[in-house]
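# need coordinates for the below:
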Amino acid sequence: MPKLSKAQQIPLDLAGRTALGLEDYLIGPCNKDAVSWIDRWPDWPAPVLVITGPAASGKTHLAAVWRDKTGAEIVKPEMLISRSAEQIAGVNQNIVIDGVDPWLGYREAETTLFHLYNIFKEEGRTFLVTSRMAPSHADFAIADLASRFRAAPLASIHPPDDMLLGSVLIKLFSDRQLKVNNDVVKYILPRMERSFSAARDIVEQADKLALSKKRGVSVPLMREVMAALQEF
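Here you go, the predicted structure:
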């Protein structure tokens, strides 16, 4: 598989028809460091990589690329309380735990995660977790787990710049099979919150309005969308 830095990529955590392949990314200043950690695998200094970033910033997408690269298996974080560390470790040579942060601070889940970390370290294996907050900001119940996660490599995804955000908007519209021109994107950018989640909400509302009014996505339609979103 080619390195991510050789591809154009847009990382997004979105439901529906969103494409999650390597070719669907656009690397920008906000995510290039996170992407570089995926490129560095298996040369990681710890058995775990932590990907952090706000909602809809691309954590799940980047994890999916690593999954495809390594053949890893996705493990639901709820399994930290329903399965033993040995059972989870037996799922695959490499695993992804997507959305671990709600379980940090819960001793039972942390105990499993702590044992899982030790198993992977002892066997020279790697796993990846995603979280909306960095381990340094988490209130861990187990001090030894906190020290290990805070020392692990951290792949942070930051708010996007205009170039990346415009590309994200175009991709989101494309995922919903909506055609837009540059005028639409230029209209949206200076009027929106600088986040991936805002882009997701805008495109979702545009899709609903265009469908209900049987119209294409245009600047006049987006004017209605932006005005409606400001009311919330």
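# please make it C-alpha for all contacts and neighbour counts, starting now.
Noted.
# show me where this protein has strands.
Applying DSSP state E to the chain gives strands spanning 48-52, 73-75, 95-98, 127-131, 154-156.
# would you turn those into JSON lines with mean pLDDT, distance to I119 and mean neighbour count?
Output for the strands of the chain, formatted as JSON lines (pLDDT from 0 to 100; distance: least, C-alpha to C-alpha, whole Å; neighbours: other C-alpha atoms under 10 Å):
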{"stretch": "strand 48-52", "mean pLDDT": "97", "distance to I119": "11", "mean neighbour count": "25"}
{"stretch": "strand 73-75", "mean pLDDT": "95", "distance to I119": "16", "mean neighbour count": "18"}
{"stretch": "strand 95-98", "mean pLDDT": "97", "distance to I119": "12", "mean neighbour count": "23"}
{"stretch": "strand 127-131", "mean pLDDT": "97", "distance to I119": "11", "mean neighbour count": "23"}
{"stretch": "strand 154-156", "mean pLDDT": "95", "distance to I119": "20", "mean neighbour count": "22"}
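# flag the shaky bits of this structure, pLDDT-wise.
1-26, 231-232 (pLDDT under 70).
# now the spatially most central residue of the chain: how far from D139?
Closest to where the C-alpha atoms of the chain average out (C-alpha atoms, centre = their mean) is K59, at 1.5 Å. Separation of K59 from D139 (C-alpha to C-alpha, to the nearest Å) stands at 21 Å.
# try L209
42 Å.
# who has more neighbours out of those two?
For L209 versus D139, neighbours defined as other C-alpha atoms under 10 Å are more numerous around L209 (18 against 13).
# so who does that one touch?
221, 225 (C-alpha atoms under 8 Å, 6 or more residues apart in numbering).
# and stretch 93-108, which residues are buried?
93-101, 103-104, 108 (16 or more other C-alpha atoms under 10 Å).
# quick one: the helices in this structure?
Per DSSP state H, the chain carries helices over the ranges 32-40, 59-70, 79-82, 85-89, 107-123, 143-151, 162-175, 182-188, 196-213, 219-230.
# what comes up buried for the shortest one?
Going back to what we said before, that points to helix 79-82. 80-81.
# how about that helix as PDB, C-alpha atoms only?
Taking C-alpha atoms only, helix 79-82 is exported to PDB below (Å, rounded to 0.1, in the frame of the first residue of the first chain):
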ATOM      1  CA  MET A  79     -16.000  -5.100  24.800                       C
ATOM      2  CA  LEU A  80     -13.700  -3.700  27.500                       C
ATOM      3  CA  ILE A  81     -16.300  -4.600  30.000                       C
ATOM      4  CA  SER A  82     -17.800  -7.700  28.400                       C
END
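# ok, and what's touching that helix?
88, 108-110, 112-113.
# of all the residues you listed, which two lie farthest apart?
Spatial extent of these (C-alpha to C-alpha) is set by the pair I88 and E108 at 14.4 Å.
# what's the spacing between the closest residue to D101 other than its chain neighbours and D39?
The spatially closest residue to D101, leaving aside those adjacent along the chain, is S131, at 5.1 Å (C-alpha to C-alpha, 6 or more residues apart in numbering). From S131 across to D39, the span is 20 Å (C-alpha to C-alpha).
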